[in-house]
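Student: I would like the atomic coordinates for the input below:
(one chain, ligands or ions: 2)
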Amino acid sequence: MDSYEIFGVNLKSANELKIMREAGRLNALTLKAVMDAIAPGVTTGELNEVAESFQKAHGVYSPFKNYDPGNGVPYPGSICTSINEEMVHGIPGNRKLREGDIISVDCGTVYQGYVGDSAFTVGVGEISKQAQSLIDTTKQALEIAISKMVIGNRSGDVGAAIEAYVESQGFYCTHTYTGHGVGRAMHEAPQLPNYGKPGTGFLLREGMTIAIEPMVLVGGRRTRVLRDRWTVVNANGGLTAHQEHTIAVTKDGPLVLTEL
Ligand code: MG
Ligand code: MG
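Tutor: Residues are numbered from 1 along each chain as shown. Ligands and ions are numbered 1, 2, ... in the order given. Here you go, the predicted model:
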């Protein structure tokens, strides 16, 4: 064993972090290929094909495909494509992107048995001021959260910082969906919520690898799941955005595993 477990949380060795960094880099390249393909008229199914063919060409695959959380519908895509009021888990298909939409793309990559998990939100062509502000806020919330991923901080320090910033910009954080540990499995313990109380929650330790993912909503935090059993939407119909990176807690500070 080159990793060890404490209170159910896998702490990764330096060697495992090297592999996870490569998983994350390949995931970033996949997401970049998808981002470059985003334009009015393109379908979300076509974006899924871009991701799949990129991953195939690089000998990796997405852990999303056929992911089965027990809801009766194994996930059919390799990416999630969530448009406008859709917050996360939108299923790629025939829907065409339109000028003014915002789209969140979430993707995972498995490389040598380890997962990288990351997501971005971007506008399609010209977007509204509110949409741009929502995207900027979500990105900045993630940056703030990453800066808090240091040994000795607690999960509540991270969550509280995310929510305080998001609310200062007039938006809302989900309390229903959380960030999570990542490793050999896409979802490992522990969960890291997008809210919290400073000084509470689990202690950040060297070797933890956690996906932080602010999901930010306009008008309120309530969500509901569509009849496809996957797509999570803002219950009030307002816009949402999602930004995610997988972060390692190291002696030298936070290491973003899923950037280029
Ligand atoms: Mg993700
Ligand atoms: Mg995630």
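Student: Helices along the stretch 1-150 of the chain, start to end?
Tutor: Ranges of helices within the stretch 1-150 of the chain are 14-37, 44-57, 129-147, based on DSSP state H, counting those that start in this stretch.
Student: Just put these in TSV and tack on mean pLDDT and distance to residue 238.
Tutor: The C-beta positions use only the backbone N, C-alpha and C, and glycine is treated the same way. Formatted as TSV, the helices of the stretch 1-150 of the chain follow (pLDDT from 0 to 100; distance: least, CB to CB, whole Å):
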stretch	mean pLDDT	distance to residue 238
helix 14-37	98	24
helix 44-57	98	20
helix 129-147	98	9
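Student: so can I have a markdown table of these showing distance to residue 244 and mean neighbour count?
Tutor: As requested, the helices of the stretch 1-150 of the chain are exported to a markdown table (distance: least, CB to CB, whole Å; neighbours: other CB atoms under 10 Å):
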| stretch | distance to residue 244 | mean neighbour count |
| --- | --- | --- |
| helix 14-37 | 10 | 19 |
| helix 44-57 | 15 | 19 |
| helix 129-147 | 7 | 19 |
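Student: between those, which gets nearest to residue 201?
Tutor: Closest approach to residue 201 among these (CB to CB): helix 129-147, 13.0 Å.
Student: So for whatever helix or strand comes next after that closest one, mean pLDDT?
Tutor: Next along the chain after helix 129-147, taking DSSP states H and E as the criterion, comes helix 155-168. The average pLDDT within helix 155-168 is 98.
Student: quick revisit: want to try JSON lines for the helices of the stretch 1-150 of the chain, with distance to ligand 2 as columns?
Tutor: Output for these, formatted as JSON lines (distance: least, CB to the ion, whole Å):
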{"stretch": "helix 14-37", "distance to ligand 2": "11"}
{"stretch": "helix 44-57", "distance to ligand 2": "16"}
{"stretch": "helix 129-147", "distance to ligand 2": "12"}
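Student: ok and the residue in the stretch 1-150 of the chain nearest ligand 2?
Tutor: The nearest approach of the stretch 1-150 of the chain to ligand 2 comes at residue 117, 4.3 Å away (CB to the ion).
Student: That residue - how many residues pack around it?
Tutor: 28 (other CB atoms under 10 Å).
Student: And the one 10 residues further on, by the same measure?
Tutor: Per other CB under 10 Å, the neighbour tally for residue 127 reads 17.
Student: Make sure it is actually in contact with residue 100.
Tutor: Yes. Between residue 127 and residue 100 there is a contact under CB atoms under 8 Å: 5.7 Å.
Student: Apart from its chain neighbours, what residue comes closest to residue 89?
Tutor: The shortest distance from residue 89 to any non-neighbouring residue, by CB to CB, 6 or more residues apart in numbering, is to residue 230 (4.5 Å).
Student: pLDDT at that neighbour, what is it?
Tutor: Residue 230 carries a pLDDT score of 98 in this model.
Student: That one contacts residue 73, correct?
Tutor: Yes. Using CB under 8 Å, residue 230 is in contact with residue 73, at 6.6 Å.
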